[in-house]
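In: Sequence and predicted model, in that order:
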Amino acid sequence: MKMRVSAVQYHLHTIHSFDEFAAQVEHYVKNAQEYDTEFVLFPELFTTQLMSIGDENGDALPITALPSFTEQYIELFQSLAAKYEMYLIGGTHIIEEQGKLYNTAFLFYPDGRVGQQKKIHITPWEVKGWNMGAGDSLQIFETDKGKVAMIICYDIEFPEWVRIAKARGADVIFCPSCTDDRHAFHRVRYTSHARTIENQVYVVLTGTVGSLPTVDFMRANFGQAAILTPNDIPFPPRGVLAEGEINNDMLVTADLDIQLLYDVREKGSVTTWRDRRTDLYTDWK
């Protein structure tokens, strides 16, 4: 079985209305439809672009204003998923629950269903700058192409978390990311490669590009989409099916062959998933 995926290198720039945001989102979805894409991944924190709309004084909206856009955001992505008959991983959006903010990924199904995954590991600047709360559970999502998980940026740097996702049946990890410099970008990119090798899964990764000059903590972005594989003979030697041009506004598309994952787990050059020593260390079931 194969699934075609596209990852959006979403260009952040100042906008003046939600309609401008919606038009930009639909542009990427239409572009993906031209390639018969089935799953589209948007980056982490790309809805911070809405903060650049500003208030009556021309100042950027605060992070606490983002939850007020949640209903419009969900309606937009639900309608696009249905209209274009795609699964849309709507990057992440800031929601509020019981007075606390959460950085949350959304999966929009073509039939109108919506799945959510809160970010589990919160970076120091998310705590200091935005007082962000942490999620406490992992969701695995059933699709007509198999099980997938959404592992958000910093979360991919913790091997235990992806191990749990694989143990619960996920073959594809969608990783929406947002990084401001080369150091942060390469932390996410290198650990994504490690997760594909350790668990013999695919990782689809993307990040924001461009800048929001009026929005604190979003003034710089360093991003590149990549569709990553285990490093074994059936796959590209570098473990990269496709990748974008760094910091360019673009879409990256490739086909994931799910059967190849099962083949290499059974008889690959290495069988890292099968060979884990659960007699010596905890297995994640």
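Out: Now that the structure is in, tell me what you want to look at.
In: now the strands for the stretch 51-200 of the chain?
Out: 87-97, 100-108, 114-118, 132-133, 141-143, 146-150, 172-176 (DSSP state E, counting those that start in this stretch).
In: Tabulate those in a markdown table, adding columns for distance to residue 79, mean pLDDT and mean neighbour count.
Out: For the C-beta atoms, the positions are set from N, CA and C on the backbone; glycine is no exception. As requested, the strands of the stretch 51-200 of the chain are exported to a markdown table (distance: least, CB to CB, whole Å; pLDDT from 0 to 100; neighbours: other CB atoms under 10 Å):
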| stretch | distance to residue 79 | mean pLDDT | mean neighbour count |
| --- | --- | --- | --- |
| strand 87-97 | 10 | 98 | 24 |
| strand 100-108 | 9 | 98 | 21 |
| strand 114-118 | 12 | 98 | 20 |
| strand 132-133 | 28 | 96 | 20 |
| strand 141-143 | 19 | 98 | 16 |
| strand 146-150 | 20 | 98 | 23 |
| strand 172-176 | 20 | 98 | 27 |
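In: Output the ones you listed in JSON lines; the columns should cover distance to residue 165.
Out: Listed next are the strands of the stretch 51-200 of the chain as JSON lines, based on distance: least, CB to CB, whole Å:
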{"stretch": "strand 87-97", "distance to residue 165": "14"}
{"stretch": "strand 100-108", "distance to residue 165": "13"}
{"stretch": "strand 114-118", "distance to residue 165": "10"}
{"stretch": "strand 132-133", "distance to residue 165": "21"}
{"stretch": "strand 141-143", "distance to residue 165": "10"}
{"stretch": "strand 146-150", "distance to residue 165": "4"}
{"stretch": "strand 172-176", "distance to residue 165": "6"}
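In: and the gap between residue 278 and residue 163?
Out: Distance of residue 278 to residue 163, given as CB to CB, to the nearest Å: 11 Å.
In: and what of residue 17?
Out: With CB to CB as the criterion, residue 17 and residue 163 are 43 Å apart.
In: ok, these two, which is more surrounded?
Out: When neighbours are counted by other CB atoms under 10 Å, residue 17 and residue 163 differ, and residue 163 comes out ahead with 19 against 10.
In: Roughly how far does the more buried one sit from residue 172?
Out: For residue 163, the distance to residue 172 - CB to CB - is 15 Å.
In: Kindly report the same for residue 34.
Out: With CB to CB as the criterion, residue 34 and residue 172 are 22 Å apart.
In: Which strands or helices does the host helix or strand of residue 7 pack on?
Out: Assigned by DSSP states H and E, residue 7 belongs to strand 2-9. For strand 2-9, the packing partners by 3 or more CB pairs under 8 Å, 6 or more residues apart in numbering; DSSP states H and E come out as helix 18-33, strand 39-41, strand 202-206, strand 226-228, strand 250-257.
In: what about the very next helix or strand once past the last one, average pLDDT?
Out: Using DSSP H and E, the helix or strand that follows strand 250-257 towards the C-terminus is helix 258-267. The predicted model gives helix 258-267 an average pLDDT of 97.
In: Give me the pLDDT value at the closest residue to residue 138 other than its chain neighbours.
Out: In space, and not counting its chain neighbours, residue 138 is closest to residue 164: 5.7 Å by CB to CB, 6 or more residues apart in numbering. If you check residue 164, the pLDDT there is 95.
In: do the one 3 residues further on as well
Out: Residue-level confidence at residue 167 comes out at 94, pLDDT.
In: And for residue 129?
Out: For residue 129, pLDDT reads 88.
In: By mean pLDDT, point me to the weakest helix or strand of the chain.
Out: helix 124-130 (a mean of 90; mean pLDDT, DSSP states H and E).
In: Touching that one from outside, list them.
Out: 63, 94, 101, 103, 132, 216, 217 (CB atoms under 8 Å, 6 or more residues apart in numbering).
In: bridging residues for the fourth one?
Out: With DSSP bridges as the criterion, residue 103 is bridged to residue 94.
In: How about the fifth one?
Out: In this entry, residue 132 is beta-bridged to residue 101, by DSSP bridges.
In: What distance do you get for it to residue 152?
Out: From residue 132 over to residue 152 the distance is 11 Å, taken as CB to CB.
In: okay, and the common contacts of these two?
Out: In contact with both residue 132 and residue 152: 103, 119, using CB under 8 Å, 6+ apart.
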